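# sequence isn't available, so here's the structure alone:
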């Protein structure tokens, strides 16, 4: 049960922002920060968040943040052993709780598009340390929004400002071209 899985974990949440566009329509952006210690906890938090996200399922929206999760695209089975061999505080928990990483796949199965996977350069990282380079921060677009995204990149010029690098996405909608970033 979700209470048992999340017992003793830091409280995490989902922030919703509605942006008023020049044409009077609104655009929704969600930001989250999932648990860093357990894939099972991340999946529970994601299921809870998705009960809120479903309200916008047919509208353009972004879901972004520190998912503390890896993508099977970047970490196939043979590379997952590298993660499993690491202590939990150094990413060992990112390999999943026995069944491999599930969070990113769950977002994609729900119809979200990993914008960096679609438009970015393979191998870039959002969480660089002296001995650890990995992407755990994501921008996911709804199916309705994905066609309006023209670029996605990781901003390396921000090193030192945070322990994470921002993920940027350029969106084009007629004459209005907003740019969103997630640290």
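Received the coordinates, thanks. Computed from a prediction, not measured in an experiment: that's the story for all the values here.
# this structure: strands as residue ranges?
With DSSP state E applied, the chain shows strands at 14-20, 26-33, 61-66, 113-114, 127-128, 133-134, 137-141, 149-154, 167-171, 179-182, listed in chain order.
# can you say which of these is nearest to residue 73?
Set against residue 73 and scored by C-beta to C-beta, these come closest in strand 113-114, at 7.6 Å. C-beta: built from backbone N, CA, C; applies to glycine.
# pick the most buried one from the strands of the chain.
When those are scored by mean count of other C-beta atoms under 10 Å, the highest mean neighbour count falls to strand 137-141 (a mean of 25).
# how about residue 35, nearest residue that isn't a chain neighbour?
Leaving aside its chain neighbours, residue 35 sits nearest to residue 41 (4.0 Å; criterion: C-beta to C-beta, 6 or more residues apart in numbering).
# pLDDT at that neighbour, what is it?
Residue 41 carries a pLDDT score of 90 in this model.
# report the contact partners of it.
Contacts for residue 41 were tallied using C-beta atoms under 8 Å, 6 or more residues apart in numbering; they are 5, 6, 9, 34, 35.
# show me what contacts the residue most central in space within the chain?
By C-alpha atoms, centre = their mean, the mean C-alpha position of the chain lies nearest to residue 138, the distance being 2.9 Å. With contacts taken as C-beta under 8 Å, 6+ apart, residue 138 has the following neighbours: 63, 64, 65, 67, 69, 104, 107, 114, 115, 116, 167, 182.
# the second one touches residue 33, doesn't it?
Yep, that's residue 64 we're talking about. No: Residue 64 sits out of contact with residue 33 when judged by C-beta atoms under 8 Å, with a separation of 10.2 Å.
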